[in-house]
Each structure stands twice: as structure tokens, then as C-alpha cells.
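Participant: okay, here's the prediction I keep looking at, along with the sequence it came from:
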Amino acid sequence: MPIEWTAVLIFVSITAGVLALASHLVPSRDRVAERVRRLSGAEPEAGPGSGGRFWRDAAALVARLFPAHALRQDVWRLRLIRAGFADPQAPAVLLAARLLLVLVPVLGVAAAALAGALAPKTAATAGVLLAALGAVAPGFWLDARKAARQNDLRRGLPDFFDVLVLCIEGGMALPAAWRRVTSELREVHPPLWRELKLVEHEAEIGRPMSAALDRFAERTDLDEVASLTSVVGQAERLGTELAGPLRALSDALRLQRVQRAEEEAHKTATNIMFPTLLFIFPGVFAIILGPMIVQVMAMFSRGK
């Protein structure tokens with residue numbers, strides 16, 4: 001039995017070494033794609049000798065080893081985009097991370113069992129639990145990243161709507177107003193600025209504004225952006241004015257931000273109760289009851 005486990009570990013080690021070596025031999029992305037990425041205003045990518053190049057190569061290798069339908073599932077791709085990972089290689093990186101999080105704990109537990117540090121039943125139970133945790137952990141991490149990204153976007157949306165309404169009420173068309181607001185928000189709200197810039201690029205290449213906003217709402221999964229999409233789509237279809245509905249939407253966003261702040265303030269009293277019980281009350285009890293306990297112990301010692 002130990003000989004079989006040793007053979008498995010040797011096979012896994014050799015396979016991992018071959019994959020690591022092959023990851024450096026995968027050709028980098030097309031120069032045309034890199035040029036288009038730079039011209040579109042996207043963030044510059046890492047240089048050839050950096051860690052970013054290594055992860056891209058590893059992702060490309062995984063993409064070649066596994067079928068495309070296993071890597072480009074719509075659900076996972078959409079979850080990655082909403083979490084802020086829009087790179088085409090993101091699903092491959094996610095799959096590689098999930099495989100590592102499943103295999104590495106299992107191999108570690110197997111090595112501990114071979115060394116005699118764990119009983120076979122304990123090692124099997126720990127391996128199953130750690131593998132299950134490694135399989136579901138990336139999903140929870142993506143949900144947390146998505147929530148943090150949505151909070152960052154929500155901070156800038158009221159300011160964006162206010163300035164957009166001012167520009168439209170001043171007589172500017174929606175595309176021109178959008179470009180003006182986007183340029184103003186680059187330093188104040190960088191996450192929102194990147195999303196607005198994508199909408200601007202899509203409008204510049206000829207996509208209708210409502211369609212670009214549909215993609216914006218899909219990437220962010222925010223009700224506020226979905227409301228903006230419906231307002232702009234209605235204005236395009238029916239030819240109605242845009243300033244009035246946008247003003248109402250801006251006021252609603254302001255009210256929602258105030259309500260969220262009040263909700264967080266009301267939660268503070270409940271959240272502070274737990275650290276109070278854990279850290280403050282024990283100290284208070286020790287100060288109040290400490291001398292009494294010492295006196296009682298001294299009285300019992302004298303009685304003996």
C-alpha cells in the first residue's frame with residue numbers, strides 16, 4: 001500500500017513539473033490584441049518578466065488542456081465579470097485555482113498519512129472536507145469581491161447622476177454629456193470611471209446607447225443601472241425627454257444613499273454588543289468581583 005501512494009505522489013510531482021515548464025513555453029497574446037487593448041484605454045498589462053505574464057501563460061495552458069465548454073461557462077464568466085475580472089483568461093485561471101485548492105490539501109493529507117502523522121480514517125475525512133472547502137471557496141470569494149465592487153460603484157452613482165442631469169438640462173446630448181461626466185469622475189471614482197468608459201467606447205463604435213447600457217447593467221448587476229437603462233431605452237423608443245426622469249432617478253438614489261447610511265447607523269448598536277460582551281464586560285467583572293473573590297478565598301484558607 002505505501003508503494004502505491006509513493007507512485008501516485010511521484011506521478012503527481014512529475015506532472016506538476018511538466019505543466020510548470022510548459023506554462024513558460026505557451027506563446028503570449030497576439031500583438032494585434034495587445035495593440036487594440038492599449039488603444040481602447042484598458043489598463044496596461046504586466047511585462048514579459050512579471051508575475052502577470054506567468055499567470056496568463058498558465059491560464060492559456062489550462063485552456064488548451066481542458067475543453068472550451070468547461071472553461072467558458074456563462075454563469076462563471078458572468079460571475080467573474082461582476083467581480084471585476086473581465087479578462088478572457090479569467091475562467092481558465094479560476095479553474096486552475098479550483099484544481100489547486102482541491103488537489104493540494106488532498107496531497108498534503110496523503111503525505112501526512114504516509115508519514116504516520118494521521119490515521120487513515122482521519123486522513124480520508126480531512127481530505128474530503130478540505131477538498132470540498134477548496135471547491136466552494138472560490139465561489140464565496142467571488143461573491144465577496146462582487147459585493148465590494150458594487151459598494152464602490154454605488155458610492156459614485158449619485159454624483160454621476162447629478163452631473164449627468166446638469167449636463168442634459170444644459171442642452172447637451174446624452175453621448176456628449178456622458179463623455180463629459182466620465183472625464184470628471186476619473187480621479188474621484190476610478191471603478192465607476194472604468195465602467196463608464198466602456199459604455200463610451202461601445203457607443204463610439206456604433207452600438208446604440210440603450211444596448212451599451214444593457215451590457216453595463218449586466219456587468220454590474222445593480223438596480224440603479226438597470227433603472228437608467230430602462231429610462232434611456234424608453235426615451236429612445238418614444239422620443240420623450242430625458243432630463244425629467246433622470247432628475248427623479250437622481251433624487252431616488254440620493255434618498256437610497258441616506259437610507260443605507262441610516263440603516264448602517266442602526267446596525268451599529270447591535271454590532272457593538274458582541275465586542276462589548278467579549279472584551280469589556282470580562283474586564284469590568286474582574287475589577288468589581290476580583291477583590292471579593294480574593295477575600296472569600298482568604299477567608300476559606302483561614303478557616304482550614
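Facilitator: Looks like it came in fine. Numbering: from 1, shown residues only.
Participant: wait, Ala90 sits on Leu80?
Facilitator: Yes. Taking contacts as Cβ atoms under 8 Å, Ala90 lies within contact range of Leu80: 4.6 Å. (Each C-beta comes from the backbone N, C-alpha and C, glycine too.)
Participant: could you find the closest non-adjacent residue to Gly134?
Facilitator: Spatial nearest neighbour of Gly134, excluding adjacent residues (Cβ to Cβ, 6 or more residues apart in numbering): Leu101 at 3.1 Å.
Participant: pretty sure Leu142 sits against Leu78.
Facilitator: No. Look at Leu142 against Leu78 with Cβ under 8 Å: they stay out of range, at 10.4 Å.
Participant: for these two, indicate the residue with more neighbours.
Facilitator: Using other Cβ atoms under 10 Å, the more surrounded residue of Leu142 and Leu78 is Leu142, with 18 against 13.
Participant: could you measure from the more buried one over to Thr125?
Facilitator: According to Cβ to Cβ, to the nearest Å, Leu142 stands 27 Å off from Thr125.
Participant: how about Ala97?
Facilitator: Counting by Cβ to Cβ - Ala97 and Thr125 are separated by 24 Å.
Participant: who's in contact with the residue nearest in space to the middle of the chain?
Facilitator: Geometric centre of the chain, nearest residue: Arg145, 2.3 Å, by Cα atoms, centre = their mean. For Arg145, the contacting residues are Ala83, Gly84, by Cβ atoms under 8 Å, 6 or more residues apart in numbering.
Participant: could you do Ala252 as well?
Facilitator: Contacts of Ala252 were listed using Cβ under 8 Å, 6+ apart, and they are Ser227.
Participant: now with 10 Å?
Facilitator: If a contact means Cβ atoms under 10 Å, 6 or more residues apart in numbering, then Ala252 has Pro158, Phe161, Glu224, Ser227 as its contacts.
Participant: helix or strand for the last one, which one?
Facilitator: Which is Ser227. helix 223-238 (DSSP states H and E).
Participant: ok, and what's touching that helix?
Facilitator: Contacts with helix 223-238, where a contact means Cβ under 10 Å, 6+ apart, come from 150, 153-154, 157-158, 160-161, 164, 174, 195, 199, 208-220, 222, 240-246, 248-250, 252-253, 256.
Participant: how many residues are close by Met172?
Facilitator: 16.
Participant: now it: phi and psi?
Facilitator: Backbone torsions for Met172, taken as degrees, to the nearest 10, come to phi -80, psi 150.
Participant: equivalent analysis for Ala86, please.
Facilitator: According to degrees, to the nearest 10, Ala86 has phi -100, psi 0.
Participant: I figured it hits Leu198, correct?
Facilitator: Yes. If you go by Cβ atoms under 10 Å, Ala86 and Leu198 touch, sitting 8.8 Å apart.
Participant: looking only at neighbour counts, state which of the two leads.
Facilitator: For Ala86 versus Leu198, neighbours defined as other Cβ under 10 Å are more numerous around Leu198 (19 against 14).
Participant: any idea which helix or strand carries the more buried one?
Facilitator: In this assignment (DSSP H and E), Leu198 forms part of helix 190-204.
Participant: what sits against the closest residue in space to Arg257 that isn't next to it in sequence?
Facilitator: Excluding the flanking residues, the one nearest Arg257 by Cβ to Cβ, 6+ apart is Pro158, at 5.7 Å. Neighbour list for Pro158: Glu224, Ser250, Asp251, Ala252, Leu253, Arg254, Leu255, Gln256, Arg257, Val258 [criterion: Cβ under 10 Å, 6+ apart].
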